[in-house]
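Asker: all I have is the shape, not the residue letters:
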Ligand SMILES: NC(=O)c1ccc[n+]([C@@H]2O[C@H](COP(=O)([O-])OP(=O)(O)OC[C@H]3O[C@@H](n4cnc5c(N)ncnc54)[C@H](OP(=O)(O)O)[C@@H]3O)[C@@H](O)[C@H]2O)c1
C-alpha cells in the first residue's frame, strides 16, 4: 500500500465514505488511512462494518436513504466519497446511489464541504442514458456537476476485482458475447487516484476516466484469471437470452439485473468520454500480477 505523508492540505476533519464496506469502497478507505486522512463511514450494520473496516474507521449507523442519518454522518466532515451500489434494480427512484447522493447534497447545504466525489462508470453516459443501469450513473454525474460544490466524478473502467464474480461452481463463464476491449484496473490503483484527488485537490470540478495498463476483452481477462487462479481452466459463455429466461422462470431479480447489466456493456462502444480527462495510474498492477496476488492473499 502506498504511504503518503500527511501534508498541509491533509485535513483533520474526516472524509465521509458511503459504501465503505464494498469491494471498491474498502480500498479507498484503506488508502485514505495510509494518507493520514481520517475516515468516517455511514454503515447499515456496525458490527459487520467494524470487522471489515477495523477500529481506526469511525462508524456512524444508518442507511444512505435516510436524510437524517446522512446529515448526522456528514456533520464536521471535510469531504464525502460515494461508492454505493443499487441493489434494488435499475429504477432511479429506488437507487441507493442516487438517493444517497441527493441526501449528501442536501446535508451539504448546512456546512462547508471541500470535496465531494463519487464512483460512476466509464464511457460517455449522456449517449447511453436511455439504458437503465447507466441512467442512474448519468443522473449522478449531472447532480454533482450542478451541485455548486467542488466535485470530482470518477469514471473507472472494469475492475480486475470483478473477475471472480464470473465464476460459479468453479467454472468461469461470460454472459453474452462481449467483444469490447477494457483496460482492466486494480481497485488499489483506483483508490490511490481518488485519495490523491482529495489530498492534492486535483481534478476538481471534472470527470476523470480511470483506465488500467492494458486492454483485454472480457474473455481474455477471464482466461488469464482462470489460468492463474482456478483449478478448472477455460472460459465458457452463457447466452444472454438464456440468462433472461432463467431469471424470469426462477423469479431471480439478481439474475435479471446481471442480464440487463451485460446487455448494457455490450452496447457501450468506448470506455472514454470526450468530456472527461483520461488517467492511468502510475506503476499500475498488471492483470497477471493482480491474479498472482489473489493466490498469495488466499494462501495467507
Ligand atoms: N465492478 C466494476 O468493474 C465497476 C466499474 C465501474 C463502476 N463500478 C461501480 O462501483 C460501485 C460500487 O461497486 P462495489 O462492487 O464496491 O459494490 P458493493 O461491493 O456491492 O458495495 C456497495 C456498498 O454500498 C453500501 N450500500 C448499499 N446500499 C446502501 C444503503 N442503502 N445504505 C448504506 N450503505 C449501502 C453497501 O453496504 P453494506 O455492506 O451494508 O451492504 C456496500 O458498502 C457500483 O455502483 C458499481 O456500479 C463498478
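Answerer: Received the coordinates, thanks. In this text the structure is predicted, and so the values were computed from the model without any measurement.
Asker: contact residues of this structure facing the ligand?
Answerer: Taking C-beta under 6 Å from any ligand atom as the measure of proximity, the chain contacts the ligand at 19-25, 44-45, 63-65, 83-85, 96-97, 119, 121, 156, 158-159, 162. Where you see a C-beta, it was placed from the backbone N, CA and C, and this is true even at glycine.
Asker: now do 5 Å
Answerer: Residues of the chain lying close to the ligand (C-beta under 5 Å from any ligand atom) are 19, 21-24, 44, 63-64, 83-85, 96, 119, 121, 156, 158-159, 162.
Asker: neighbours of residue 166, just the number please.
Answerer: Applying other C-beta atoms under 10 Å, we find 19 residues neighbouring residue 166.
Asker: apologies, that question was intended for residue 291.
Answerer: Neighbours of residue 291 under the rule other C-beta under 10 Å: 20.
Asker: what's the answer for residue 45, then?
Answerer: 12.
Asker: out of the residues of the chain next to the ligand, which are buried?
Answerer: For these, a burial check counting by 16 or more other C-beta atoms under 10 Å picks out 19, 21-22, 24, 64, 83-84, 96, 119, 121, 156, 158-159, 162.
Asker: ok, the nearest residue to residue 121 once chain neighbours are set aside - contacts?
Answerer: Leaving out its chain neighbours, the residue that sits closest to residue 121 by C-beta to C-beta, 6 or more residues apart in numbering is residue 137, at 4.7 Å. The contact partners of residue 137, by C-beta atoms under 8 Å, 6 or more residues apart in numbering, come to 97, 120, 121, 125.
Asker: ok, the third one - contacts?
Answerer: Looking back up the chat, that one is residue 121. Going by C-beta under 8 Å, 6+ apart, residue 121 touches 133, 134, 137, 155, 156.
Asker: repeat for residue 126
Answerer: Contacts of residue 126 (C-beta under 8 Å, 6+ apart): residue 138.
Asker: Three-state assignment for it, please.
Answerer: Following DSSP: H, G, I helix; E, B strand; the rest coil, we place residue 126 in the helix state.
Asker: what does residue 172 give?
Answerer: Quick answer, by three-state DSSP: residue 172 is strand.
Asker: beta-bridge partners for it, please?
Answerer: residue 167, residue 235 (DSSP bridges).
Asker: my guess is it contacts residue 225, does it?
Answerer: Yes: proximity of residue 172 to residue 225 meets the contact threshold set by C-beta atoms under 8 Å, at 7.0 Å.
Asker: could you work out the most separated pair of the buried ones among the residues of the chain next to the ligand?
Answerer: Using C-beta to C-beta, those span at most 24.4 Å, a distance reached by 64 and 158.
Asker: which members of the contacts of residue 121 are positioned in helices?
Answerer: Among the contacts of residue 121, the members falling in helices (DSSP state H) are 133, 134, 137.
Asker: what comes up buried for stretch 276-283?
Answerer: 276, 279, 281.
Asker: pick the one among the residues you listed closest to the ligand.
Answerer: Relative to the ligand, the closest of the buried residues of stretch 276-283 is residue 276; by C-beta to the nearest ligand atom it sits at 13.2 Å.
Asker: show me what contacts the nearest residue to that closest one once chain neighbours are set aside?
Answerer: Of all residues not flanking residue 276 in the chain, residue 207 sits nearest, at 3.7 Å (C-beta to C-beta, 6+ apart). The contact partners of residue 207, by C-beta under 8 Å, 6+ apart, come to 120, 141, 152, 153, 155, 273, 275, 276, 277.
Asker: closest one of those residues to the ligand?
Answerer: residue 120 (6.8 Å).
Asker: these two touch, right, the closest one and residue 140?
Answerer: Yes: with contact defined as C-beta under 8 Å, residue 120 reaches residue 140; the gap is 6.0 Å.
Asker: quick check: neighbours shared by the two?
Answerer: By C-beta under 8 Å, 6+ apart, residue 120 and residue 140 have these common neighbours: residue 153.
Asker: spit out the contact partners of the residue of the chain found nearest the ligand.
Answerer: Relative to the ligand, the nearest point of the chain is residue 22 (2.2 Å; C-beta to the nearest ligand atom). Contact partners of residue 22, counting by C-beta under 8 Å, 6+ apart, are 83, 84, 85.
Asker: what would the buried residues of stretch 276-283 look like in JSON lines with distance to residue 33 and secondary structure?
Answerer: Below are the buried residues of stretch 276-283 laid out as JSON lines (distance: C-beta to C-beta, whole Å; DSSP: H, G, I helix; E, B strand; the rest coil):
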{"residue": "276", "distance to residue 33": "28", "secondary structure": "strand"}
{"residue": "279", "distance to residue 33": "22", "secondary structure": "strand"}
{"residue": "281", "distance to residue 33": "18", "secondary structure": "coil"}
